[in-house]
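**Q** fold the following, please.
(chains A, B, C and D)
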Protein chains: 2
Amino acid sequence: MTSFKSVSKQDSQFGAKPAANGAHKAAIRQENEEQILAAAERVFADFGFKGATTARIAETANVPKANVHYYFSTKEALYRRIMEDVCDHWLEAAMTFDNSADPAVILRGYIEAKMDLSRARPYGSRLWAHEIIRGAKFSSGYISTTVKDWLDSRVVVIKGWIAEGKMDDIEPYSLMYMIFATTQHYADFGRQIEIFNGDRPLSEEQFAEAKENVVRIILKGVGLS
Amino acid sequence: MTSFKSVSKQDSQFGAKPAANGAHKAAIRQENEEQILAAAERVFADFGFKGATTARIAETANVPKANVHYYFSTKEALYRRIMEDVCDHWLEAAMTFDNSADPAVILRGYIEAKMDLSRARPYGSRLWAHEIIRGAKFSSGYISTTVKDWLDSRVVVIKGWIAEGKMDDIEPYSLMYMIFATTQHYADFGRQIEIFNGDRPLSEEQFAEAKENVVRIILKGVGLS
DNA sequence: TTTTAACCTGACCAAACGGTCAAGATAAAT
DNA sequence: ATTTATCTTGACCGTTTGGTCAGGTTAAAA
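**A** Numbers count the residues shown, from 1 in each chain, chains lettered A, B, ... in the order given. This next block holds a predicted model:
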């Protein structure tokens, strides 16, 4: 699905899948994997691939370092696995941008979904940012296929809207990049926004207001309101 | 000026400043420092603080590793020095956002200056992104003083425009974050844009078109056109 | 010409790193 | 009850890292 080649979702030390055990053992495995994945997402987001250490991931997950390597053979396998999860979430938000309704409704829905994703999973967004800044070494294949295909199809949709006179004649890629940039900024540069906000994270009210402002500016900016 | 505490611009191994020599020696020093700084900016931008190695910086700068430490005592001192330079350039662009003319003219000028900065110095922008994602450990002081003061003063200006009915009633911080995000996106996520563009960097024409689109959407989006 | 101050660098080091392993603990299967 | 498969972990290993240093070269000053 996400096509991050050369790694299976079941990356245990023993190749196949020892998961079909009794219930207790399976539960232990699942809980430990989840704990390690959650910790790794944080640590990778905070320090990047090279900056993140397996020792710190282990410490954050509250397991011995050797146990991390029991569940995930290498640091790279763990990283790829998390990138898959991040991409799955991104794809979920992407699905809100369909072709069924009013342009303003669709665009509003997509922007709101992306903003909510930045709020709910900031670490995933920051991890993605790290990956791209570093040159997208692990994910360029995914971007040039899955993501690009999706983006190009949305560009066609937008060009259709323009041709029908429903919105201004804006270069669709510029618009999409603006949406990517602005929505993800609230996760990637969250620390900066926090400092500007008097060293306190945005409250729910502040974030809701920001979301509404982003939607308003972009919709009006392209002639959809 | 930029107030990155605890490090002087003249960070040689010998505390004081051995720069006032004969012309040749001074030239050697200047050229080597510049070469190392340029290399370090690239390497830090590509790999982050921890991911960048002094060996790689030395290799990129075409000097032996020990020579890097001759001119810059530690990796952190080198990093701080580059952050200073990045901030100086940011401040320069910030100065275009004055209070003298028509809102549309000012905003257009500032957006274009930021876009041009992303184009001319992508490594600096990406280095800044790394720094913020990592939690702004070196620069939170600078952000909470110099940058915040500047931002707050611009917010006052924008609120003035709104009060005078010159533009829509938009929360100024949301607008400024959108400008930060969108303009810097062309540097920070340049690799992603490159992939979307068929694995080729944006041409001058494409970039100029993107710049104009960003200006148009934002100006119209806040009621300034 | 001699002396001095700055520049240069191969070789080295302690610390931190990703990853391994043997030996023990626990729970499921027989 | 015994065997088997999985889970757990402290100790360990080879490599990479930031940083040091002694001994050299070069150029400016005396």
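**Q** stretch A:68-77 vs chain B: in contact?
**A** No: using CB under 8 Å from any CB of the partner chain, stretch A:68-77 never reaches chain B; the gap is at least 12.9 Å. Placement of C-beta: from N, CA and C, glycine included.
**Q** that should have said stretch A:34-49, apologies.
**A** Yes: applying CB under 8 Å from any CB, one finds stretch A:34-49 touching chain B at A:45-49.
**Q** I'd like those as CSV, with secondary structure, distance to A:R119 and pLDDT appended.
**A** As requested, the residues of stretch A:34-49 next to chain B are exported to CSV (DSSP: H, G, I helix; E, B strand; the rest coil; distance: CB to CB, whole Å; pLDDT from 0 to 100):
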residue, secondary structure, distance to A:R119, pLDDT
A:A45, helix, 15, 96
A:D46, helix, 18, 94
A:F47, helix, 22, 94
A:G48, helix, 22, 94
A:F49, helix, 24, 95
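**Q** want to throw these into JSON lines with neighbour count and distance to B:I217?
**A** Below are the residues of stretch A:34-49 next to chain B laid out as JSON lines (neighbours: other CB atoms under 10 Å in any protein chain shown; distance: CB to CB, whole Å):
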{"residue": "A:A45", "neighbour count": "25", "distance to B:I217": "30"}
{"residue": "A:D46", "neighbour count": "18", "distance to B:I217": "33"}
{"residue": "A:F47", "neighbour count": "21", "distance to B:I217": "35"}
{"residue": "A:G48", "neighbour count": "24", "distance to B:I217": "32"}
{"residue": "A:F49", "neighbour count": "20", "distance to B:I217": "34"}
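**Q** closest to A:R200 out of the residues you listed?
**A** Nearest to A:R200 among these, counting by CB to CB, is A:D46 at 19.7 Å.
**Q** do I have it right that the closest one meets B:R134?
**A** Yes: counting by CB atoms under 8 Å, A:D46 does reach B:R134; the two are 6.4 Å apart.
**Q** can whatever helix or strand A:R81 lives in be said to contact DNA strand C?
**A** Assigned by DSSP states H and E, A:R81 belongs to helix A:75-94. Yes: Helix A:75-94 is in contact with DNA strand C by CB under 7 Å from any atom of the strand, via A:75-76.
**Q** can you name the next helix or strand after that helix?
**A** Downstream of helix A:75-94 (by DSSP H and E), the next one is helix A:103-120.
**Q** can the following helix or strand past that next one be found next to chain B?
**A** Sequence-wise, the next helix or strand downstream of helix A:103-120 (DSSP H and E) is helix A:122-133. Yes: judged by CB under 8 Å from any CB, helix A:122-133 and chain B are in contact via A:126, A:129-130, A:132-133.
**Q** neighbouring contacts of helix A:122-133?
**A** With contact meaning CB atoms under 8 Å, 6 or more residues apart in numbering or on different chains, helix A:122-133 is reached by A:41-42, A:44-46, A:48-49, A:82-83, A:85-86, A:89-90, A:117-118, A:137-139, A:184, A:187-188, A:190, B:45-46, B:48, B:126, B:129-130, B:133, B:188-189, B:191-192.
**Q** that concludes my questions; thank you for your assistance.
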